[in-house]
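1. please work out how this folds:
(one chain, ligands or ions: 1)
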Amino acid sequence: MSTIELRGITKTFGAFVAVQDADLSVAAGEVVCLLGPSGCGKTTTLRIIAGLERATAGDIVIAGRRMNGLPPQERNIAMVFQFYALYPALTVGENIAMPLHHQSIGKAEIAAQVGKVADILHLRDILDRMPGQISEGEKQRVAVARAIVRDPNCFLFDEPLSRLDVELRHTMRSQIKAVLSNLSRATVIVTHDQLEALSMADRIAIMRDGRIEQVGSPHEVFARPANVFVASFIGTPQMNLIEAEFKGYGDGKATVTFDRQDVNLPAAPAVAALAPGRVTVGVRPRAFTVVAEDAADTIDAVTELIEPMGAETLIHARTRTGGDIRVVIPRDKKVKIGEPLHLIPDPMQTHIFAADGKAVRA
Ligand code: ATP
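-> Residues are numbered from 1 along each chain as shown. Sure thing, here's the model as predicted:
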């Protein structure tokens, strides 16, 4: 079975810890994206899987076999890098066939395999062209074709689309995803682009400072972030993270002091176990209902800036004590700068994070 497993992987460079105690399993046919800010250890993790970097501690198991210490060529892995280099003096077809020349198979068989992947990636009509005569998107597809042609155990992609323009990236995401979903191989994709991860991954592993903070489906990491970091990293515009003082819990609601007033917010029963003290309340900008009147338990702010975003409008509002709140409303709902906003957070989308940053939920 094509699977990838990382067990307790740590990588240090001198005193610097680039990856810390990472556990991850990728099933056959599954696409997992490593997502996180620059320098969080994504590429190092991928290079360890590929055998380009040696882990300081932990095990790498691919297709059931422990790979520690094995060189890349013995791992039967295909890698697609951000800077995929095609051989300029060879045709597209010859470029795709390159990995097959190391295997003892005849010309007819090579042509058949190249033809097969060319069909999958819609490259049949350009097999005789030179790399200088094809577009960036086609070059990227050739790089993917070259990776899949020899039927490896698994695929590793490092920022595969970052050189393409926005529109092409969009098309390529769905094309690569469609190709991968038919190949039943474990795939790991490194990206710092959350849209890429949300659209291509079956599961996302979110990394920070060398640690995997949460692994979950795109929906899980968006709707049930494990901590403040994941909550702030996933979702655009960013989730509002409001510092508040937790006072107590009753009737399914947490009483918090925020902006010099007590507000009762819907919260999971687990919140009852929290000691009074500082918490962070997380509400996504699209998770507010705007009401006309100041009422009990509304969050109140004044509209400061209005940003049209096509079908929706992003409002930046300021609370009494100077906090910034982002609210997204439909375009046809009118607001004016300087106008008060009374906001009711959606009970199903209100997150409470304890002082250590961890989400508190049932
Ligand atoms: P980016 O998105 O910017 O590519 P990344 O998440 O892929 O970042 P890595 O390339 O894995 O990050 O690097 C993780 C950390 O390890 C960084 O701080 C980097 O400077 C450091 N690092 C990587 N390779 C080495 C090395 N060979 N020697 C020393 N430090 C290294």
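2. what separates M348 from the ligand, distance-wise?
-> As judged by C-beta to the nearest ligand atom, to the nearest Å, M348 and the ligand stand 33 Å apart. For every residue, glycine as well, the C-beta is placed using N, CA and C.
3. so who does that residue touch?
-> Residues near M348 by C-beta atoms under 8 Å, 6 or more residues apart in numbering: P266.
4. and it, helix, strand or coil?
-> helix (DSSP: H, G, I helix; E, B strand; the rest coil).
5. what helices or strands is the helix or strand bottoming out on mean pLDDT in the chain leaning on?
-> Taking mean pLDDT, DSSP states H and E as the measure, the chain has helix 166-181 as its least confident helix or strand, at a mean of 83. Other helices and strands packing on helix 166-181, by 3 or more C-beta pairs under 8 Å, 6 or more residues apart in numbering; DSSP states H and E, are strand 31-35, helix 136-148, helix 194-200.
6. quick one: strands adjacent to the shortest one?
-> Listed by DSSP bridges, the sheet partners of strand 31-35 and their directions read strand 186-191 (parallel), strand 203-208 (parallel).
7. next secondary structure after it?
-> helix 42-50 (DSSP states H and E).
8. return the distance of that following helix from the chain's centre.
-> In terms of C-alpha atoms, centre = their mean, to the nearest Å, the centre of helix 42-50 is found 16 Å from the chain centre.
9. pull the residues that contact that helix.
-> 4, 6, 9, 11, 18-19, 22, 34-36, 53-55, 60, 62, 72, 75, 77, 79, 156, 158, 188, 190-192, 207.
10. over to stretch 175-187?
-> Contact with stretch 175-187 is made by 2-4, 26-32, 120-122, 141, 144, 148, 152-157, 160-161, 199-200, as judged by C-beta under 8 Å, 6+ apart.
11. could you redo the last one with a cut-off of 6 Å?
-> S2, T3, I4, V26, A28, G29, E30, V31, I120, C154, F155, M200 (C-beta atoms under 6 Å, 6 or more residues apart in numbering).
12. do you know how far V271 is from the ligand?
-> Remark: distance between V271 and the ligand (C-beta to the nearest ligand atom) = 34 Å.
13. what of C154?
-> Per C-beta to the nearest ligand atom, C154 is found 19 Å from the ligand.
14. specify the beta-bridge partners of that residue.
-> Beta bridges link C154 to I77, A186, judged by DSSP bridges.
15. and it, how many neighbours?
-> 24 (other C-beta atoms under 10 Å).
16. quick one: contacts for it?
-> S2, I4, I77, R185, A186.
17. returning to what we had before: and the contacts of helix 42-50 near the ligand, which?
-> Near the ligand, taking C-beta under 6 Å from any ligand atom as the test, the members of these found are A18, G36, H192.
18. so for stretch 277-285, mean pLDDT?
-> The average pLDDT for stretch 277-285 rounds to 95.
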